[in-house]
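Visitor: could you look at this predicted model? Sequence included:
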Amino acid sequence: MKVLHLGKLCPPNEGGVDVFAFEIVEALKRKGIHADLLCLNSFTGEGIYRGIDYFSCKTNFFFNGAPISVDYALAFFKMKDSYDIIHVHCPVPMAEIVSLFTNQKVILHWHSDIVRQKLTYRFYRPIQRLLLKKAEKIIVTSKQYLDTSEQLRGYKHKAVVVPLGINPARLSIDEEAQKEFGWISEKVQDKKVVLSLGRLVEYKGFEYLVKASKYLNDDIIVVIAGGGPLYSKLQTEIKKMGLDEKIILTGKVSNVAVFMKNCDVFCLPSVGRNEAFGLVLLEALYFGKPLITTNVVGSGMNYVNKNNQTGYIVPPKDPLALAEAINKILSDKELYSYFSENAIQRFKEFEIDTIADKIIEIYKEVL
């Protein structure tokens, strides 16, 4: 069995979906599957990351946020006949388009609908429909997302739900990584830490966590880790509200694990369905951190976070509800322990090897 995964960005310059694409290939290889990854980077050629080879293609330009690469197409047409299955991580238009031109079995891994590019989607939709028609199976990351996806309407009979997973070995913390949290420790001191982590963009809802901070107990501090276009806006809002002592903006961080380990609660205040799953929640579960997520219709966040079991689910865009949930968890030791223990148990369902076994069964069925 030979499988070619078509991804977006190559490691280590990746987002959550790109982390998963690499780690599932890594896990499949451990289980004896011949799996390769074709992805986009600043160069064309073979790369290696964590001892795993991948095929990198130079990005020529971006069109409405989507990377375009001539080498990606050339590499695919050169490689495709060597594989039994083409496993496409969506939405990556470059990967989706080239996969139309193969006789191999095609499996789509539906990480998200196309949400932001509403205008260009009108023109791209016919191509997407051709791909959905061609696909043997469509892997969707949560039932919530599958049930609410308009773009998958008419093709749900092909869908199978398999959540994302992570490799816990990636979350090890060495001495160098610990230093990254060092300067924050001085400001945190003995306060309880609410961590939120991700790219600083609108749909992540960080502005509502900032507003929630003024309602938090005095022994709580908020750390928002990540870079992005809203950094300056959030910084200005924090100063304007006089919350400099309540919130730390770290900018982009290189080691997520050290922040997870040193926080008390993890909060993902997203407000849009762009937050299709929230891979970062799995990292928080691994460290036994209670979760606070928002009730965004269709998002897999609330598949990962079990309300009143691993944390709380609150209405989106509601600073007071966020604050009340945070205060309640961090002021009740018995409740905190209950959520923390459940988080550790819940994580076992998302270990990458467990997810790889489910995907291998899909491969066998398709072949």
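Guide: Sure, I can see it. Numbers count the residues shown, from 1 in each chain.
Visitor: could you check how many residues crowd around N302?
Guide: 20 (other CB atoms under 10 Å). For every residue, glycine as well, the C-beta is placed using N, CA and C.
Visitor: now it: how far from Y231?
Guide: 28 Å (CB to CB, to the nearest Å).
Visitor: likewise D18?
Guide: For D18 relative to Y231 (CB to CB), the value is 22 Å.
Visitor: quote the end-to-end distance of stretch 68-88.
Guide: 16 Å (CA to CA, to the nearest Å).
Visitor: one more: stretch 302-309?
Guide: 11 Å.
Visitor: kindly report the same for stretch 98-108.
Guide: End to end - CA to CA - stretch 98-108 spans 13 Å.
Visitor: where does the protein dip in pLDDT?
Guide: 14 (pLDDT under 70).
Visitor: per-domain residue ranges of it.
Guide: 2-167+351-366, 169-349 (automatic domain parsing).
Visitor: in the longest helix along the chain, what counts as buried?
Guide: Looking across the chain with DSSP state H, the single longest helix is helix 118-134. Across helix 118-134, burial judged by 16 or more other CB atoms under 10 Å covers Y121, Y124, Q128, L131, L132.
Visitor: do the same with stretch 5-25
Guide: 5-11, 14, 16-25.
Visitor: now swap in stretch 82-98 and tell me
Guide: Neighbour counts over stretch 82-98 (16+ other CB under 10 Å) mark 83, 85-98 as buried.
Visitor: just stretch 165-184 next, same as before
Guide: Within stretch 165-184, the residues that count as buried by 16+ other CB under 10 Å are G165, I166, N167, P168, R170, L171, I173, A177, E180, F181, I184.
Visitor: swap in stretch 336-353?
Guide: Y336, Y338, F339, S340, N342, A343, R346, F347, F350, E351, I352, D353.
Visitor: list just the nearest of those residues to L74.
Guide: Taking CB to CB as the measure, L74 lies nearest I352 of the buried residues of stretch 336-353, at 30.7 Å.
Visitor: wouldn't that closest one be in contact with E23 here?
Guide: Yes. Proximity of I352 to E23 meets the contact threshold set by CB atoms under 8 Å, at 5.1 Å.
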